[in-house]
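# what's the 3D shape of this:
(4 chains)
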Number of protein chains: 2
Amino acid sequence: MATAKKFRQGQILRLITTERIANQEELRRRLWMQRLRVTQATLSRDLHELKVVKTPEGYRPASVLPQETTPLPPLARALSEFLVDIRPAENMLVLKTPPSGAQPLAAAVDAAKFPEIAGTIAGDDTVLIITTSKKHRESLQQKIESFVGRPLRSRAS
Amino acid sequence: MATAKKFRQGQILRLITTERIANQEELRRRLWMQRLRVTQATLSRDLHELKVVKTPEGYRPASVLPQETTPLPPLARALSEFLVDIRPAENMLVLKTPPSGAQPLAAAVDAAKFPEIAGTIAGDDTVLIITTSKKHRESLQQKIESFVGRPLRSRAS
DNA sequence: TATGTGCCTGTATTTTTATGCAGTAGGCTG
DNA sequence: CAGCCTACTGCATAAAAATACAGGCACATA
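Here you go, the predicted model:
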């Protein structure tokens, strides 16, 4: 009957949000302790149905994941056209462009809606990108550099 | 040298955000096409360093994942103390409580910061939870029901 | 130069997850 | 009731991902 499955999946959700489950075997053992006798195969299917994803810190409901919306083609063009240099500075990234290139580049960067970006400010030939942390700046920098194809010779300050 | 690794990881980030890579073998083949010769083992390590997680729709940077903040103990208590009935309605969930139970229960629900919840309204013995979609309502309902231990006999309207 | 350390990577293997297939149970129709 | 679905599950296995181990290379130090 269907109720058993629904109940089990509810328990799975509770366990993975409540504590840190490392893998499906461990999850199986935890459920076993609650008289829920299932195999790893069933858990694999349950986790798939529940759209749960495995992260370094355990499983997470995928509901919180973004939906992916083909975000990038225009950005790649803007970067290859305008980007002259890229300079990291803690949690910020300074992009240099030819004269009057900053505004269009900043617009493209904004449109790409990188989750790391807290905000951008564009002057004439300089775009300042403020990220939420140094880690995020590093991640963003890697993405941007990869768009350009070859690593830009970037130096601090 | 370290630059090769950084560059490769940038390419990995680009590939996984740009197109849909199903597994590390496929990623390896795509990189191979770009003269990047690495093994699956190295990609596993790269993906781990980049905090990339595998979802049903391919790989995603984990930067966008929430940080996990011991979210649940008080909610469980509030639910077991106050929750009398739970009724789904499209993208909404109606929780019934004993008289004057709604406010404390709503506070606990709010504090839990479920990502599915758009907002809550509490009367005297009724809490209305508005979620962002019917799917999210279902997910939330399962979580809540699992807190209670036994599935609440819930019915529409 | 010899020696030591740290980083990076491949090979081989283990561990973890996904799935093809078959069996069971409940519901529905004639 | 027989026959036929459909949903669910376990078993066995395949596929995918992680890792123990060792080798290589760059760099520093004596």
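# any idea where the strands of chain A begin and end?
A:52-55, A:58-61, A:85-89, A:92-96, A:117-122, A:126-131 (DSSP state E).
# okay if I get those strands as CSV plus mean neighbour count, distance to chain B and mean pLDDT?
Any C-beta I mention is one placed from the backbone N, CA and C, and that applies to glycine too. As requested, the strands of chain A are arranged in CSV below (neighbours: other C-beta atoms under 10 Å in any protein chain shown; distance: least, C-beta to the nearest C-beta, whole Å; pLDDT from 0 to 100):
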stretch, mean neighbour count, distance to chain B, mean pLDDT
strand A:52-55, 19, 5, 89
strand A:58-61, 21, 6, 82
strand A:85-89, 16, 12, 81
strand A:92-96, 20, 14, 85
strand A:117-122, 15, 11, 78
strand A:126-131, 21, 10, 82
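# just so I know, which of those lies nearest DNA strand D?
The closest of the strands of chain A to DNA strand D is strand A:52-55. By C-beta to the nearest atom of the strand, the value is 7.4 Å.
# What strands flank the closest one, and is each parallel or antiparallel?
strand A:58-61 (antiparallel) (DSSP bridges).
# What are the contacting residues of the strand it pairs with?
A:13, A:16-17, A:19-22, A:27, A:47, A:50-54, B:53, B:65-66, B:68, B:115, B:139 (C-beta atoms under 8 Å, 6 or more residues apart in numbering or on different chains).
# and the longest helix for chain A?
helix A:2-18 (DSSP state H).
# Can you pull out the low-pLDDT segments for chain A?
A:1-3, A:18, A:62-73, A:99-101, A:124, A:148-157 (pLDDT under 70).
# Distance of the closest residue to A:Leu15 other than its chain neighbours relative to B:Leu27?
Leaving aside its sequence neighbours, A:Leu15 sits nearest to A:Arg30 (C-beta to C-beta, 6 or more residues apart in numbering or on different chains; 5.5 Å). From A:Arg30 over to B:Leu27 the distance is 32 Å, taken as C-beta to C-beta, to the nearest Å.
# repeat for A:Glu57
Taking C-beta to C-beta, one finds A:Glu57 at 23 Å from B:Leu27.
# So these two - more neighbours on which side?
Comparing A:Glu57 with B:Leu27 by other C-beta atoms under 10 Å in any protein chain shown, the one with more neighbours is B:Leu27, at 23 against 13.
# List the residues that contact the more buried one.
B:12, B:15-16, B:21, B:43, B:59.
# got a winner among those for most neighbours?
B:Ile12 (25 neighbours).
# which ones are touching the residue nearest to it when sequence neighbours are not counted?
Leaving aside its sequence neighbours, B:Ile12 sits nearest to B:Asp46 (C-beta to C-beta, 6+ apart; 5.7 Å). B:Asp46 sits next to B:5, B:8-9, B:12 when contact means C-beta under 8 Å, 6+ apart.
# try A:Leu13
A:50, A:52, A:61, B:139, B:142-143, B:146 are the contacts of A:Leu13 under C-beta under 8 Å, 6+ apart.
# quick one on the thing from earlier: hmm, which of the contacts of B:Asp46 are the buried ones?
Buried by 16 or more other C-beta atoms under 10 Å in any protein chain shown: B:8-9, B:12, out of those.
# Tell me the one among those residues nearest to B:Ser133.
The closest of these to B:Ser133 turns out to be B:Ile12 (C-beta to C-beta; 31.8 Å).
# From chain B, how far out is the residue most central in space within chain A?
The centroid of chain A falls nearest to A:Pro115 when counting by C-alpha atoms, centre = their mean (7.0 Å). Per C-beta to the nearest C-beta, to the nearest Å, A:Pro115 is found 5 Å from chain B.
# Distance of that residue relative to DNA strand D?
21 Å (C-beta to the nearest atom of the strand, to the nearest Å).
# what does A:Ala111 give?
30 Å.
# Report the spatially nearest residue to that residue, omitting neighbours in sequence.
Nearest one to A:Ala111, counting by C-beta to C-beta, 6+ apart, is A:Pro74 at 6.5 Å.
# which residues does that neighbour contact?
Counted by C-beta under 8 Å, 6+ apart, A:Pro74 has contacts A:108, A:111-112.
# any idea which of those residues has the most stuff around it?
A:Ala112 (21 neighbours).
# Would you mark the buried spots in stretch A:36-54?
Neighbour-count burial for stretch A:36-54 [16+ other C-beta under 10 Å]: A:38, A:42-43, A:46-47, A:50-54.
# okay if I get those residues as JSON lines plus distance to DNA strand C?
Below are the buried residues of stretch A:36-54 laid out as JSON lines (distance: C-beta to the nearest atom of the strand, whole Å):
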{"residue": "A:Val38", "distance to DNA strand C": "11"}
{"residue": "A:Thr42", "distance to DNA strand C": "8"}
{"residue": "A:Leu43", "distance to DNA strand C": "8"}
{"residue": "A:Asp46", "distance to DNA strand C": "9"}
{"residue": "A:Leu47", "distance to DNA strand C": "5"}
{"residue": "A:Leu50", "distance to DNA strand C": "11"}
{"residue": "A:Lys51", "distance to DNA strand C": "11"}
{"residue": "A:Val52", "distance to DNA strand C": "9"}
{"residue": "A:Val53", "distance to DNA strand C": "9"}
{"residue": "A:Lys54", "distance to DNA strand C": "5"}
